[in-house]
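J.: Test case, fold it:
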Amino acid sequence: MLTAAGFPVPRTVRDLSELYLTWCLAHREEAPDGTRWSMPAALPLPGDLPPMDAELTDRLDSIRWGLRTGPLVDGLIEHLGDDLGEPQEVLTSLDRLATATGRDADDVRIALTESARPVTPRWSVEPTGSD
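T.: Take a look at the predicted model:
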């Protein structure tokens, strides 16, 4: 991911520290008794960081969204499959599903929306032309 974002993969502690400086995750100050390193009390805001490539940003957003929605969809599937025995039809409400899955109604809405979206592959395999 670093190379995709235009950064070399750090090979030494010096390389890693330079990367931290670039990303505003560390600060370096020359003092009479040597170099002082510090870390911010809070991580920098996204707007304070150097911009990322649009493709990498989309990829990271997709990963974050999957990490957010995956457990919600899994909980919904578990309820429908394990608790209800995979019914063909469910007449219920968001509030009832929220209670049954231990989530709030907004999370259930996200899980329902996400589970109804068509699956798009994250990569494709090009045909080789050989049989």
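J.: All the helices of the protein, in order from the start?
T.: Secondary structure of the chain, counting by DSSP state H: helices at 13-22, 54-78, 94-101, 105-116.
J.: I'd like the distance from the residue in the chain sticking out farthest from the centre to Arg14, if you could.
T.: Distance from the C-alpha centroid of the chain peaks at Pro32, with 42.5 Å (CA atoms, centre = their mean). Computed as CB to CB, to the nearest Å, the Pro32 to Arg14 distance reads 22 Å. All C-beta spots, glycine's among them, are computed from the backbone N, C-alpha and C.
J.: which sections of this structure are below the confidence cut-off?
T.: For the chain, the stretches with pLDDT under 70 are 1, 4-5, 120-131.
J.: Domain map for it?
T.: As given by automatic domain parsing, the domain ranges for the chain are 1-42, 51-116.
J.: Quick one: end-to-end length of the longest one, please.
T.: Looking back up the chat, that one is domain 51-116. Domain 51-116 has an end-to-end distance of 33 Å (CA to CA, to the nearest Å).
J.: residues contacting the closest residue to Asp104 other than its chain neighbours?
T.: Using CB to CB, 6 or more residues apart in numbering and skipping the chain neighbours, the partner closest in space to Asp104 is Ala98 (5.6 Å). Contacts here follow CB atoms under 8 Å, 6 or more residues apart in numbering; on that basis Ala98 touches Asp104, Ala105, Asp107, Val108.
J.: let's go with 10 Å and repeat that
T.: Asp104, Ala105, Asp106, Asp107, Val108, Arg109, Ala111 (CB atoms under 10 Å, 6 or more residues apart in numbering).
J.: and which of the residues you listed is nearest Gly47?
T.: Asp106 (26.1 Å; CB to CB).
J.: thinking again about what came up before, Produce a PyMOL select command limited to the buried residues of the contacts of Ala98.
T.: The buried residues among the contacts of Ala98 can be selected in PyMOL (16 or more other CB atoms under 10 Å) with this line:
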select buried, resi 107+108+111
